[in-house]
Every structure is written in structure tokens, then in C-alpha cells.
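A.B. asks: model this:
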Amino acid sequence: MKKLVFIGLITLGFSAPNIAQNKSQAILPEIVLQAFNERFPDAKRVDWEQENDQEWEAEFKWNHTKYSANFNLEGKWLETEHEIKPTDIPTNILNSLAAHLKKQDYLKYDIEEAELVETPEGNAYELEIEANNMEYEVHINPLGQIKIESEHEE
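C.D. replies: Residues are numbered from 1 along each chain as shown. All right, here's what the predicted structure looks like:
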């Protein structure tokens, strides 16, 4: 009896992810899935989540990198994000960040995490920085324009 229960649990464990995936894909609009597959044909390990009533987000591996991509209900691509190394941030972006932080009297800071954000309007950088024992999320477009989205104490 214990062996039968064990085999049942093992079977359920292997089939549960497929059940969950099929359920989420059943409510995922076909046009969104089609748009995703056209844009990222070689994506691996795709996991879908509904961001809100107008938007879907896929998290996946593509070209050996973790990505997320957002699409609206009509299948229009909205944005793609992936993590990059702080050393891959262009010099003009780093200079804009340093100048902005210097004006705020934050002479010392660390870039904790960096992402490249691609949208139909162009690329931008989303940086999580630590300065003066606070964490900030900073958005910088290619022109060096900065917007601080949020902050919280470390």
C-alpha cells in the first residue's frame, strides 16, 4: 500500500506542472501565444502569468539568458527585459547616473542589479542601486534622462 501511494505521489508530482501549464495556456489568448512564438521562436521553459486584465507576461530562457516579455490582449508586444552585468551598461548611462546622484549628494553608490528594457519606443536601463543605506530603482533612457521609480530602506 505504501508503495502504491508513493508511486501515485511521484506520478502526480510529474504531471502537476503540466496540468498547471495547460490550465494557464487554456486561458492565454491564442493571439498572444502566437505573437510570442513569432518573436521568440527558440524560447525555452516559458511560464505565463497574467499581469492585469489587459496584459500577459512570459518568463523564459532565450539564448541562455532569463527574459521576461509582455504582450497585450491583441498580441502586441509591449516590452522585453533581461538582466545584464553592470559592466555592460554604456558609459553615457553611467555618467548620467553619476551626475544625477552627485546632485543629490550621493557620492557613493553601488549598482546591485541592472536590466536592459526594450520597448517599441526604444531601449532603456533599469538599475537597482544602493546609496546611503537606501535602495532605489532608477530608469534611464538612452538620452540619459532619469526617473527614480521607488525607494526603500535596506
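
A.B. asks: CA only for contacts and neighbour counts going forward, please
C.D. replies: OK.

A.B. asks: What ranges does this structure have for its strands?
C.D. replies: In the chain, the strands defined using DSSP state E lie at 44-52, 55-62, 65-72, 77-84, 110-119, 122-131, 134-140, 146-153.

A.B. asks: Mean pLDDT, mean neighbour count and distance to N92 added to those strands, as CSV?
C.D. replies: As requested, those are arranged in CSV below (pLDDT from 0 to 100; neighbours: other C-alpha atoms under 10 Å; distance: least, C-alpha to C-alpha, whole Å):
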stretch, mean pLDDT, mean neighbour count, distance to N92
strand 44-52, 95, 14, 32
strand 55-62, 96, 19, 27
strand 65-72, 97, 19, 24
strand 77-84, 97, 18, 16
strand 110-119, 95, 17, 14
strand 122-131, 92, 19, 12
strand 134-140, 90, 19, 10
strand 146-153, 71, 12, 12
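
A.B. asks: The protein - how does it break down into domains?
C.D. replies: By the record's domain assignment, the chain is partitioned as 2-74, 85-153 (automatic domain parsing).

A.B. asks: With respect to E38, which of the strands of the chain lies nearest?
C.D. replies: Taking C-alpha to C-alpha, strand 77-84 is the member of these nearest to E38, at 10.7 Å.

A.B. asks: okay if I get the strands of the chain as a markdown table plus distance to K102?
C.D. replies: As requested, the strands of the chain are exported to a markdown table (distance: least, C-alpha to C-alpha, whole Å):
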| stretch | distance to K102 |
| --- | --- |
| strand 44-52 | 36 |
| strand 55-62 | 36 |
| strand 65-72 | 32 |
| strand 77-84 | 24 |
| strand 110-119 | 13 |
| strand 122-131 | 11 |
| strand 134-140 | 14 |
| strand 146-153 | 13 |
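
A.B. asks: what pLDDT does the closest residue to L107 other than its chain neighbours get?
C.D. replies: Using C-alpha to C-alpha, 6 or more residues apart in numbering and skipping residues adjacent in sequence, the residue nearest L107 is L101, 6.7 Å away. According to the per-residue confidence, L101 scores 84 in pLDDT.
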